[in-house]
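S.K.: here's a sequence, model it:
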Amino acid sequence: MRRRVTTYLVLLMGIALMSPAKTASTDYQGIDVSWYQKKIDWRATARDKKVTFVYVKATEGGRLQDGNYRYNVENARRHGVKVGSYHFLRPETPVKQQFDNFKARVKKHEQDLIPVIDIEDVPELGVYWKPQQARDYLSDFAQLVQKHYGCRPMIYTSNKFFVDYLGRAFADYPLFIARYGTAEPAPQNGAKWVLWQFTRDGRVDGIDHVVDLSRFNKGCGLHSIAFHKGSGGKHRGKKHAAHAGKKHHKKETAGKNVTKHKAEKKCKSEKARHKAAQVKKKVQKETKQKSKNRHGKRGKK
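M.R.: Predicted structure coming up:
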């Protein structure tokens, strides 16, 4: 995902000019882009049925924000391409500062795909990770993503970086593995990749520069990386409203039941009092009659 310094870019552009209009491989499902691809004609790009999704660079480190992010997100979605966002993690900046940068740029309601954390060594930029630092930074950033966006992020890195630096600790995360060539990713440690970035020299209509191409692992698809807006999105709003409605209905029903119970209890109480009064009246009548009878007998004597 991360493009290198100027000399490296010039080399790539030179290769691109000698390349055919399309990449040699036609088996791809998505791309990822950044400022490097300049202004993309998303209407033309969206006509390529193989471009079902795009990951757009949003931020890097604690302050850098990709200048083409807003344009790419809005226009890709407008033309029917599913959109996700990624952050390029750097080792020299505190995690919280980097996440705040990402959060300020990436809005939940604009995401179709789960966020991606890009972590890799980039010698040309002086980006070198130590194994423990890489694991700590990645774990902390992933937790912040999960808390704010309500989903686990996908991890983008090279096959070698994952094996040497990350391994078992991140084996259960969705993985986006870069491994250029024909050999599929083999991240080991029980990990299974979802996306494979197999070339950085792809050619797609609407994009004047080379672009990264990716394909899904067998059994995976857009459903594997779909963002369900589980934390503050429209989906949650509907779900929350439905839940609130059910809760109100239960409360209302419970209230009615209580009222009904009180009414029944009151009715039973009144019946009991009425019955008791009748019994008392009957006893008093019988007592009075017996008293009369006794007095009558005495008078005859």
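S.K.: what comes into contact with the lengthiest strand in the chain?
M.R.: Secondary structure assigned by DSSP state E gives strand 193-202 as the longest strand of the chain. When contacts are defined by C-beta atoms under 8 Å, 6 or more residues apart in numbering, strand 193-202 is touched by residues 1, 12, 15-16, 19, 23, 25, 28, 30-32, 154, 156, 174-182, 184-185, 187, 210-217, 220, 224-225. Backbone N, C-alpha and C define where each C-beta goes, glycine included.
S.K.: which element follows it toward the C-terminus?
M.R.: Once the chain leaves strand 193-202, the next helix or strand it forms, by DSSP states H and E, is strand 211-216.
S.K.: who touches that next one?
M.R.: Under C-beta under 8 Å, 6+ apart, the answer for strand 211-216 is 1, 23, 25, 27-33, 37, 176, 178, 194-200, 202-204, 224.
S.K.: buried subset of the residues you listed as a ChimeraX selection?
M.R.: Once 16 or more other C-beta atoms under 10 Å is used to decide burial, the buried members of the contacts of strand 211-216 can be selected in ChimeraX as follows:
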select :1,23,28,29,30,31,32,33,37,176,178,194,195,196,197,198,199,202,203,204
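S.K.: return the set of buried residues in stretch 68-78.
M.R.: Buried residues in stretch 68-78 (16+ other C-beta under 10 Å): 68-69, 72-73, 75-77.
S.K.: mind telling me what element Leu144 is part of?
M.R.: Counting by DSSP H and E, the element that carries Leu144 is helix 131-149.
S.K.: re earlier: generate a ChimeraX selection restricted to the buried subset of the contacts of strand 193-202.
M.R.: The following ChimeraX line selects those of the contacts of strand 193-202 that are buried, judged by 16+ other C-beta under 10 Å:
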select :1,12,23,28,30,31,32,154,156,174,175,176,177,178,179,185,187,210,211,212,213,214,215,216,217,220,225
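S.K.: can you map out the strands along the stretch 51-200 of the chain?
M.R.: 53-60, 64-65, 82-88, 116-118, 154-158, 175-178, 193-202 (DSSP state E, counting those that start in this stretch).
S.K.: now these in TSV, with distance to Pro131 and mean pLDDT?
M.R.: Formatted as TSV, the strands of the stretch 51-200 of the chain follow (distance: least, C-beta to C-beta, whole Å; pLDDT from 0 to 100):
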stretch	distance to Pro131	mean pLDDT
strand 53-60	22	98
strand 64-65	25	98
strand 82-88	19	98
strand 116-118	16	98
strand 154-158	13	98
strand 175-178	17	98
strand 193-202	20	97
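S.K.: can you redo these as CSV with distance to Gln98?
M.R.: CSV is the format used below for the strands of the stretch 51-200 of the chain (distance: least, C-beta to C-beta, whole Å):
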stretch, distance to Gln98
strand 53-60, 8
strand 64-65, 10
strand 82-88, 7
strand 116-118, 10
strand 154-158, 15
strand 175-178, 18
strand 193-202, 22
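S.K.: relative to Val145, which of these is closest?
M.R.: Using C-beta to C-beta as the measure, strand 116-118 is the one of the strands of the stretch 51-200 of the chain that comes nearest Val145, at 7.2 Å.
S.K.: partners of that closest one, with directions?
M.R.: Applying DSSP bridges, strand 116-118 is found paired with strand 82-88 (parallel), strand 154-158 (parallel).
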